[in-house]
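Q: What would the 3D arrangement of this be:
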Amino acid sequence: MAWDFISVSTYVEAGSDNITLNAPTGAAQGDLLIAVIAYRAADAFTPNDAAWQLVATQQSSGDIDATQGIASGVMYYCIRGAANPGFQFNRTGGNVAQGTVLCYRGNDPLVASVYDTGGAATLAAIGEPALAAITTALNYELVVCMISHGDNSLCSGVDCAEGETVASGATDTTTEPTANTFLERFDRGSNTGADTGLCVADVVRPTSGTTGTFFAVAANTTRSVFIVGAFKMDLVGFVKPRTNTLLRM
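A: Next up is the predicted model:
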């Protein structure tokens, strides 16, 4: 089987303290769920449900000025069980936060170690979002990128330097993850509190190896956060689909 994009949940925004995200529609047992939260201030988010595993987090030093501030961000993932996990992520205090959950199908539902590798960085100075390369181990890995802005901002042109990749365009929540073409799944800015923005895009890398530098274009440049996670596809199912049908001679 190839990667399928099932849905992205309705976004949630919180002015401070905890945030409880929404379940993505159509999620089933064995699916890959990815939770992303863009926020401001130094108060870290931790999941209320131990099913969630950390990809990466970046926290500012508490800079919450209204414009061109320093973003914070976090990405978690889990394999959905027979029921949805809890979607509450806890913190003490803080400022504006917004988040969503994405659902994918194409990982091996029996393998918990679907996560391969990732990276995260906060820009050292105000500029366009960017992140150093990661190196994937297997063919056909799903690479999910999130960008958190330190101001109310949208984002475009998510891309990486290696391979014949095509930068993301308008938000697309219907096309399946595509080899060498970035698809933007979520893009929203907020004027609440210290202001923030969140963009999420994905791509399938048909061959393993280095991605080259990740980059994007922000409507309002800040000291943004860029987080990337790479997830392993069910290569057994991709090469020879599983079936419970008996062959009869």
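
Q: Quickly note the distance from the closest residue to Gly94 other than its chain neighbours to Ala121.
A: Excluding the flanking residues, the one nearest Gly94 by Cβ to Cβ, 6 or more residues apart in numbering is Asp43, at 3.8 Å. Yep, even glycine has a C-beta here, placed from its N, CA and C like the rest. To Ala121, Asp43 is 20 Å away according to Cβ to Cβ, to the nearest Å.

Q: Report the contact partners of Leu154.
A: Taking Cβ atoms under 8 Å, 6 or more residues apart in numbering, we find Leu154 in contact with Asp187, Arg188, Gly189, Gly197, Cys199, Ala218, Ala219.

Q: Neighbour-wise, give me the winner out of those residues.
A: Cys199 (29 neighbours; other Cβ atoms under 10 Å).

Q: Check whether that one really touches Phe182, as I assumed.
A: No: counting by Cβ atoms under 8 Å, Phe182 is not a contact partner of Cys199; they are 10.8 Å apart.

Q: Next, the residue nearest to Phe45 when sequence neighbours are not counted: phi, psi?
A: Residue nearest to Phe45 in three dimensions, not counting chain neighbours: Phe89, with 4.4 Å by Cβ to Cβ, 6+ apart. Backbone torsions of Phe89, given as degrees, to the nearest 10, read phi -120, psi 130.

Q: picking up where we left off before, quickly note the distance from the residue nearest to Gly94 to Val114.
A: Plainly put, Asp43 is 29 Å away from Val114 if you go by Cβ to Cβ.

Q: Looking at these two, which one has more neighbours?
A: Neighbours per residue (other Cβ under 10 Å) separate Asp43 from Val114, with Val114 holding more: 23 against 18.
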